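Participant: Fold the following for me, if possible:
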Amino acid sequence: LQPDFLPAARNLAVIDLQRGDVQAARDRYDKMLAKDPKSGPVLLALAELQGVSGASPDDIRKTIEKAVAASPASPAPRLALIAFEERQRDVKGAVATAQGALAAIPGDPQLTEAVGATQLVAGQYNEAAESFKKLILLQPQNPLTYLRLAQAQVALKDYSGAIDSERKALALKPDLPQAVAALAQTYLLSGRADEAVAQARGMQKEHPDSPGGYALEGDIYSAQKKWSGAAFAYKTGLDRKPVPALALLYYVSLKNAGKGSEATAAATKWMTQHPDDATIPLMLAQQEQQRKNVAAAKAGYRKVLGIDADNVVALNNLAFLLTEDKDPKGLEYAEHAHRLAPFNPNILDTYGWSLMRNGQAARGAKLLRMATSLAPGEPEIRLHLAQALAESGDKAGARKELDPLTTKLDKNSPIRAEAQKLLGTL
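Facilitator: Got it, this is the predicted structure:
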């Protein structure tokens, strides 16, 4: 009906990628670019595809630069170029690109924030603080802008300035979790734990029906490992408002205080009173997985999916556990997770691994290559790719992927040992 309708083309490209057919996805964008070579959104979609499918950094950069040239007044392609430089770990390049973008579109809030963020990563803390002050002038009612400034002030060890900025954020939105956590952390960094508690209690008086002040007090005690005090604060906050994150923190603090039975009772009570919330069930399932209680972990993840059928973490973890047990049902869960988060490297890893374990090594290798492109520093994903390549008969490709694992990883690394073992079979 509308050949240049990008959302449909992108969704079809995602399906192509799920099938492991990168060329089909590329063809969709090439057709659209043949009709409109200067379509910025299509060029950005193509750059995204190139990044997933392992194109060279030079090719990806050229595509994004074409998008910038095609839409010089749009922040989106310039932000994509900044993000690309950051992924390449070119800190100076990211700063220069962000500054150039802001010079081209002066006063843009997104680009102003990007300049400050890149300066922060580059260690240019004074410059970052000045950038975030400009951002506050552009968005004075946005509490997150004050937290950005506080980050730079903490880096400069200007703790009083950071506390002032964080208080301003909380004045705009008293329950903002990021502001509560940042304020607690800054107080503790400045060695002012007692003042932190006083600030928390001041918030409690100012906003007696809000859990924010109690969450702050709990965070302060948690950082000091005063678990009983933390549990009491979180519980008091929960009594004000049933926030899932507070329920989780209450459970954890009780466990750390050595009150296991109370923690279990609190978790049970929360799940009974809030049967539609998956926060506690997911955490319990993850704990069982960490303890290697596989049956209990599987049951826990199934419980989560009974509450939230699209919970990506539960889908992915259950897919992995079932695949390890050679249960073909794992592939279905992996496919579901991938439909929801097609560019998440961990989910691509699980899906590709599951395909390989279910006799589809060649297709699995394509998806694992995408995962490796998105997370080049994850050795376990690269090992899975090598195993899939070896299984599909591409021994040369497998050796290439194993080389950095067998030469650059720590000699005591279990992944290096697995890689050497696999190399010995090729």
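Participant: Leu318 and Glu332 touch, don't they?
Facilitator: No - proximity of Leu318 to Glu332 does not meet the contact threshold set by Cβ atoms under 8 Å, at 9.9 Å. All C-beta atoms are positioned from the backbone trio N, CA, C, and that covers glycine.
Participant: out of these two, which sits in the more crowded spot?
Facilitator: Leu318 (30 against 15; other Cβ atoms under 10 Å).
Participant: For the stretch 101-250 of the chain, give me the ranges with low pLDDT.
Facilitator: Along the stretch 101-250 of the chain, no part satisfies pLDDT under 70.
Participant: Please enumerate the helices of it.
Facilitator: 109-121, 125-138, 143-155, 159-172, 177-189, 193-206, 212-223, 227-240, 244-256 (DSSP state H, counting those that start in this stretch).
Participant: which ones are touching Ser56?
Facilitator: By Cβ atoms under 8 Å, 6 or more residues apart in numbering, the contact list for Ser56 is empty.
Participant: if I look at it, how far off is Ser373?
Facilitator: In this view, Ser56 and Ser373 are 11 Å apart by Cβ to Cβ, to the nearest Å.
Participant: just Gln119 next, same as before
Facilitator: Applying Cβ to Cβ, the value for Gln119 to Ser373 is 28 Å.
Participant: can you check Arg339 too?
Facilitator: 20 Å.
Participant: Likewise for Gly352?
Facilitator: 12 Å.
Participant: okay, now Ala341: neighbour count?
Facilitator: Other residues close to Ala341 by other Cβ under 10 Å number 16.
Participant: Also Leu254?
Facilitator: Residues lying near Leu254 (other Cβ under 10 Å) number 24.
Participant: ok, now Leu102?
Facilitator: 21.
Participant: Tell me who's in contact with the nearest residue to it once chain neighbours are set aside.
Facilitator: Once flanking residues are discounted, Leu102 sits nearest to Leu111: 4.4 Å by Cβ to Cβ, 6 or more residues apart in numbering. Residues near Leu111 by Cβ under 8 Å, 6+ apart: 75, 78-79, 98, 101-102, 105.
Participant: what would those look like in JSON lines with distance to Gly393?
Facilitator: Shown next, in JSON lines, are those (distance: Cβ to Cβ, whole Å):
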{"residue": "Pro75", "distance to Gly393": "46"}
{"residue": "Arg78", "distance to Gly393": "44"}
{"residue": "Leu79", "distance to Gly393": "42"}
{"residue": "Ala98", "distance to Gly393": "45"}
{"residue": "Ala101", "distance to Gly393": "46"}
{"residue": "Leu102", "distance to Gly393": "51"}
{"residue": "Ile105", "distance to Gly393": "51"}
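Participant: Which ones among those residues map onto strands?
Facilitator: Of the contacts of Leu111, none are assigned to strands by DSSP state E.
Participant: and the strand or helix carrying Gly93, how far from the chain's centre?
Facilitator: Gly93 is located in helix 91-104, with elements delineated by DSSP states H and E. Counting by Cα atoms, centre = their mean, to the nearest Å, helix 91-104 is centred 24 Å from the centre of its parent chain.
Participant: quick one: contacts of stretch 293-305?
Facilitator: Outside stretch 293-305, the residues that touch it by Cβ under 8 Å, 6+ apart are 278, 281-282, 284-286, 288-289, 311, 314-315, 317-318, 321-322, 325.
Participant: next one: stretch 9-16
Facilitator: 22, 24-25, 28-29, 32, 42, 45, 49, 342.
Participant: Output stretch 89-103 as PDB, nothing but the C-alphas.
Facilitator: Output in PDB follows, covering the C-alpha atoms of stretch 89-103 (Å, rounded to 0.1, in the frame of the first residue of the first chain):
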ATOM      1  CA  ARG A  89      35.400   3.500  22.300                       C
ATOM      2  CA  ASP A  90      36.700   6.600  20.600                       C
ATOM      3  CA  VAL A  91      36.100   9.000  23.500                       C
ATOM      4  CA  LYS A  92      37.700  12.000  21.900                       C
ATOM      5  CA  GLY A  93      35.900  11.300  18.600                       C
ATOM      6  CA  ALA A  94      32.600  11.100  20.500                       C
ATOM      7  CA  VAL A  95      33.200  14.500  22.200                       C
ATOM      8  CA  ALA A  96      34.200  16.200  18.900                       C
ATOM      9  CA  THR A  97      31.200  14.700  17.100                       C
ATOM     10  CA  ALA A  98      28.800  15.800  19.800                       C
ATOM     11  CA  GLN A  99      30.300  19.300  19.900                       C
ATOM     12  CA  GLY A 100      30.100  19.500  16.100                       C
ATOM     13  CA  ALA A 101      26.500  18.400  16.200                       C
ATOM     14  CA  LEU A 102      25.500  21.000  18.800                       C
ATOM     15  CA  ALA A 103      27.300  23.700  16.700                       C
END
